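Undergrad: one predicted model, sequence on top.
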Amino acid sequence: MSALHDLLAERISAARAHRANVLESPAESAGEAYERENAAERLSREISRLEGAEKGLVFGRIDRTDGTALRIGRIGLHTEEDDLPLLVDWRAHAARPFYEATPVHPMDLRRRRHLRVEERTVVSVSDELLDGTAPTGEDVVGDGPLAEALSARRTGRMHAAVATLQAEQDAIVRSAHRGVTVVQGGPGTGKTVVALHRAAYVLYAFPRAAQEGVLVVGPNARFLDYISQVLPSLGENEVDLTTCRELAGVPTDTADPYGTARLKGGAGLADALAALLRRHQAPAGDFAVRVGRQLVRLSDVEVAAARDAAVAAVPGHNPARQVFTELLVDAVTAAMRRDMGDVLEQIDADAARMTGLDLDRFTGADRRRAEGAADPGPAHELDVDAVRADLLDDAGVDRAVEALWPRLAPGDLVKALLTDADALAVCLPLLTAQERSLLLRGADAPWTDADVPLLDEAASLVDGPPRRTYGHVVVDEAQELTAMQWRMIVRRCPARGMTLVGDFAQSGPAATARDWKEALGPHVGPRFDLHDLTVSYRTTQQILEGVRDLLARIAPDQKPTRSLRSGDRPRTLTASPDGLVAAVVRELRAQSAAHPGELLGVICADTAVGELTARGVARHARVVPASEARGLEFDGVVVVDPEEIRTARPCGERDLYVALTRATKRLCTVTVEPA
Ligand SMILES: Nc1ncnc2c1ncn2[C@@H]1O[C@H](COP(=O)(O)OP(=O)(O)OP(=O)(O)O)[C@@H](O)[C@H]1O
């Protein structure tokens, strides 16, 4: 064990020394300086990768029936000289039997060993014998490591489950499917675990996707903080973690009422923005521009042809505007040539009629004689390039184009829709007048969270697809996404390599889809791999039984999850409105005294957070608004005033279901009874 840690420490020191050398090396040119920065940056990433894997570096070992053995760890380590594996990366093919072997299919293993290492010292060992042989003095067959991992105290941060990934989870993590993988399952079934380990696996096994980057999208900053340690501890620091709100880079701190947010999440808004944009793209009319003393006119048919060609040529209203301008200018020069030709032909015809001479032939023959050159063509040739360049630079042309095809900013387009009742009526004919009135906003109103996907949609319509895209995107709590948010995410994953995990029984109030088909159909049709996780590793059997009726109401088709955990029966206390906070504090004090060091959470309606915090509850537990409880977990949870949670938001029953399924050990509900 020590030797492996020493080797890792050596690799880290070597990478640090290498980076110091690189940074000290002189750069003769800007190009070299750039190269140097890049090399140093690569080394810094490698150092973080190695450092991230230090804790729990080795966690497993498999002994084959032929007497050979492999150690399994967070990253792979090889000998310098002959590249022999000393430690096998958990994602490597050779590590598969560690996760997949069973007594029925031992995969040539005799023994699977789990190790728990702290500060380079093995603190526990647990063996499973897979080939039916009897344990020897060297085997330590005892309580499974999963039981140990599950009974450990929560810390407020999720840990990697790399040592104890279960077969049904491992099969998804390691799936060779490069398209869309969907994972559903009840609370605590390890969806987040699978999603994050899948991200690490993709980085390891799909080099192309890894090169283009992996993005993990979570529901809110609190959740991102909760999962933030998992990937670095697997040696992966290259993953971007974000929320939908941050993805578009539009800062907002205002939320719409849920009804409005839900409406803004509907896919109809994308069609409406596209329809509105078309109104800004030469919808009708001709085009006239003065060139010198000449007024050149293009017919509406010519303008429409330029518009259609520009739209087809390049995505994005503003880039297409440039193409449109060039096509118009081409059409203008063609018209000038045509007009000039007509005028000269008229002069020639008049001259021929009066003098009997063919002027064109005459002047052409005359010039040929003079220059000794080939026929330069008709005498009325225009210097097209010069005229074209002048026109493209001409403020008058720009003004004329602007009238037909104005330059836009994404916000202009969204405002043009949401501040104009007529535009809403024309572009969203399927909404009722009352629904449209919910969407109407003032021109100076701040952007809201639900506006972000609209702004992102508008940005793609106006400026073209986003510049930063990813090879693989992981979405957690994916049931929460609105149709507009799905568009925003899919836009950033052109290869459609995605891992999506969620549970529609936990949907929030703005969610627009009821199932995966509805959510994904517009993007990938039926082409997604659907997996179910069936065992809860968080919520005790007793708590799951307690929410059975609630689940039957909010998701009648969902099969109840079974749990690996058993614990106390959930308790219910009642308090008067005035005694509520005191009752919550009493309960928290009692839990802390009985179970010191455990992580306690208080989950309440969003509106109650302020008062509970102000009155000192946050000194005893983390106070979490029900709207932000998705994905989180605590050893003990106190749910405050379930009736208030149930009625606070349109999806109150589902919020309550989420709140009641956050505890790994103890759940206490404090209900309020009028005095
Ligand atoms: N194979 C495993 N080994 C150890 N712990 C696990 C394993 N799978 C899941 N867990 C633990 O179970 C708990 C629940 O897992 P996770 O949060 O991934 O569930 P979830 O399905 O995403 O839950 P929710 O629906 O509430 O978001 C976490 O503490 C996680 O670490």
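TA: Arrived safely, thanks for sending.
Undergrad: for the stretch 101-250 of the chain, what lies in contact range of the ligand?
TA: Counting by C-beta under 6 Å from any ligand atom, the stretch 101-250 of the chain comes close to the ligand at 146, 149-150, 158, 161, 164-166, 169, 185, 187-193. From N, CA and C alone the C-beta is placed, and that goes for glycine too.
Undergrad: can you rerun that using 5 Å?
TA: Within the stretch 101-250 of the chain, the positions near the ligand by C-beta under 5 Å from any ligand atom are Ala149, Ala161, Thr164, Leu165, Gln166, Pro187, Gly188, Thr189, Gly190, Lys191, Thr192, Val193.
Undergrad: in helices, which of those residues fall?
TA: Judged by DSSP state H, helices contain the following of these: Ala149, Lys191, Thr192, Val193.
Undergrad: are any of those residues buried, and which?
TA: If you count burial by 16 or more other C-beta atoms under 10 Å, the buried members of those come out as Lys191, Thr192, Val193.
Undergrad: which SS state does Arg116 fall under?
TA: Classification of Arg116 by DSSP: H, G, I helix; E, B strand; the rest coil places it in strand.
Undergrad: I'd say it and Ala149 touch.
TA: No - counting by C-beta atoms under 8 Å, Arg116 stays clear of Ala149, with 9.1 Å between them.
Undergrad: what do the two both touch?
TA: Contact criterion C-beta atoms under 8 Å, 6 or more residues apart in numbering; residues shared by Arg116 and Ala149: Ala163.
Undergrad: just to revisit the earlier point, of the ones in helices among the residues of the stretch 101-250 of the chain next to the ligand, which pair is most distant in space?
TA: Ala149 and Lys191 (16.8 Å; C-beta to C-beta).
Undergrad: circling back to that earlier point, and which of the residues of the stretch 101-250 of the chain next to the ligand is nearest to His531?
TA: Comparing these against His531 with C-beta to C-beta places Lys191 closest, at 9.7 Å.
Undergrad: excluding its backbone neighbours, what's nearest the closest one?
TA: Nearest non-adjacent residue to Lys191, counting by C-beta to C-beta, 6 or more residues apart in numbering: Val501, 3.9 Å away.
Undergrad: try Leu7
TA: That would be Leu77: by C-beta to C-beta, 6+ apart, it lies 5.6 Å from Leu7.
Undergrad: local confidence estimate at the one you found?
TA: pLDDT, Leu77: 94.
Undergrad: thought it was touching Glu10?
TA: No - contact criterion C-beta under 8 Å: Leu77 and Glu10 do not qualify, at 10.0 Å.
Undergrad: more neighbours, the two?
TA: When Leu77 and Glu10 are compared on other C-beta atoms under 10 Å, the one with more neighbours turns out to be Leu77, at 22 against 12.
Undergrad: who's the more buried one bridged to?
TA: Beta-bridge pairing for Leu77 (DSSP bridges): Leu87.
Undergrad: need the contact list for it.
TA: With contact set as C-beta under 8 Å, 6+ apart, Leu77 has these partners: Leu4, Leu7, Leu8, Arg11, Pro85, Leu86, Leu87.
Undergrad: same thing but at 6 Å, please
TA: Shown in contact with Leu77 (C-beta atoms under 6 Å, 6 or more residues apart in numbering): Leu7, Leu86, Leu87.
Undergrad: separation between Arg153 and the ligand?
TA: Distance of Arg153 to the ligand, computed by C-beta to the nearest ligand atom, to the nearest Å: 11 Å.
Undergrad: and the residue of the stretch 351-500 of the chain closest to the ligand?
TA: Glu477 (6.4 Å; C-beta to the nearest ligand atom).
Undergrad: got a pLDDT number for whichever residue of the stretch 401-550 of the chain sits closest to the ligand?
TA: Nearest residue of the stretch 401-550 of the chain to the ligand (C-beta to the nearest ligand atom) works out as Tyr537 at 3.3 Å. pLDDT for Tyr537: 91.
Undergrad: sweet, I'm off.
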